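Visitor: A predicted structure for the sequence below; I have some questions about it.
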Amino acid sequence: MPLRLNLYHEIERNRSASRRDPLKISLYVLGGIAAFFVAWYLWEFARLTGMGHDLAKTKAEFARVDPQAKEAKRKEEDLTRTFKTSEKLIAKVEGRFYWAPVLERFMTLVPREIQITKFSGDTQGEGFRKCQFTVDGLSAGADPRKVAEELRQSLAESFAKEYKSVEAKFRTLEDGTEMAMLDGKKQPTASFAINVQFRSGEAPATPAPAHAGDRKKKRSNELVPIPETNK
């Protein structure tokens, strides 16, 4: 029986080992990649889990604070309405019309020959108000009608210095049937009623009308079509 000896077994073992090394390296690389993805997945999962907890916590906080926010908004609206109402009341109080200066001015204009029997007044509107008052009385003197007329003129001139659109007119002016004692003498009388109207406050501003020069300038800036000419 022939005997065969293999003296290259070490060399063949090294060759087979070198053939297996690339496979091992590939397996190691794939294992490392798989481990990286697993770690990345776990990290993302943990991050998303934390975000979910934060979201749930935020929702719970919102659910707790939302009724308080709605109540605060309702209170704010109530306070805003109250503040606006207070502003209107303050504006009315500060801009109200005072009759005391009118009466004071009126009393300085009444001469001794006139006796006032009735005084009534009223106002209309807000801001630029329309005011009026009516005075009933008796005038005495040599010419009682003239005395009443002088009072009417005095009222118109004096109130025109303080107010706007002043008008003073007689509602009635009649000769009286009774005599009045004035300076120890009996004088004829006349009954009268004077109505005084005026405006109090600031008139609303009106826009200024455009001047003719501005209109001409505006027209000059407009393009004017040039008619075509036959060549």
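Guide: Happy to help now that I have it.

Visitor: pop the domain breakdown of this protein in here.
Guide: 25-94, 100-200 (automatic domain parsing).

Visitor: so for I194, what's the pLDDT?
Guide: With respect to pLDDT, I194 has a value of 95.

Visitor: tell me, how many residues neighbour it?
Guide: Residues near I194, counting by other Cβ atoms under 10 Å, number 21. Placement of C-beta: from N, CA and C, glycine included.

Visitor: list the buried residues in the helix or strand containing it.
Guide: I194 is part of strand 185-200, with elements assigned from DSSP states H and E. Neighbour-count burial for strand 185-200 flags 187-198, 200 (criterion: 16 or more other Cβ atoms under 10 Å).

Visitor: sheet-wise, list the partners of that strand with their directions.
Guide: Using DSSP bridges, strand 185-200 pairs in its sheet with strand 129-140 (antiparallel), strand 164-182 (antiparallel).

Visitor: okay, the ones you listed, which one's buried deepest?
Guide: Mean neighbours per residue, mean count of other Cβ atoms under 10 Å, is largest over the strands paired with strand 185-200 for strand 129-140, with a mean of 19.

Visitor: contact partners for Q197?
Guide: 130-132, 165-168 (Cβ atoms under 8 Å, 6 or more residues apart in numbering).

Visitor: ok, it to L151 distance?
Guide: 16 Å (Cβ to Cβ, to the nearest Å).

Visitor: could you do K118 as well?
Guide: Distance from K118 to L151, by Cβ to Cβ: 14 Å.

Visitor: so which helix or strand takes in I90?
Guide: helix 9-94.

Visitor: mind giving me the packing neighbours of that helix?
Guide: With contacts taken as 3 or more Cβ pairs under 8 Å, 6 or more residues apart in numbering; DSSP states H and E, helix 9-94 sits against no other helix or strand.

Visitor: tell me the first helix or strand C-terminal of that helix.
Guide: Assigned by DSSP H and E, the successor of helix 9-94 is helix 100-109.

Visitor: which parts of that following helix are buried?
Guide: Applying 16+ other Cβ under 10 Å to helix 100-109 flags 102, 106 as buried.

Visitor: extract the CA atoms of it and return them as CSV.
Guide: What follows is helix 100-109, C-alpha atoms only, in CSV (Å, rounded to 0.1, in the frame of the first residue of the first chain):
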residue,chain,number,x,y,z
ALA,A,100,-74.4,129.6,36.7
PRO,A,101,-72.2,131.8,34.4
VAL,A,102,-75.2,132.4,32.2
LEU,A,103,-77.3,133.6,35.2
GLU,A,104,-74.4,135.7,36.5
ARG,A,105,-73.9,137.4,33.1
PHE,A,106,-77.7,137.9,32.8
MET,A,107,-78.1,139.5,36.2
THR,A,108,-75.5,142.1,35.5
LEU,A,109,-77.4,143.1,32.4
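
Visitor: who's in contact with it?
Guide: With Cβ under 8 Å, 6+ apart, helix 100-109 has contacts from 119, 121, 131, 133, 135, 151, 154-155, 158-159, 162.

Visitor: and the pLDDT at the residue nearest to K164 when sequence neighbours are not counted?
Guide: Using Cβ to Cβ, 6 or more residues apart in numbering and skipping residues adjacent in sequence, the residue nearest K164 is R199, 4.3 Å away. Note for R199: predicted pLDDT of 89.

Visitor: likewise N221?
Guide: For N221, the predicted pLDDT is 50.

Visitor: so where's this protein uncertain?
Guide: By pLDDT under 70, the weakly predicted segments of the chain are 1-23, 127, 203-231.
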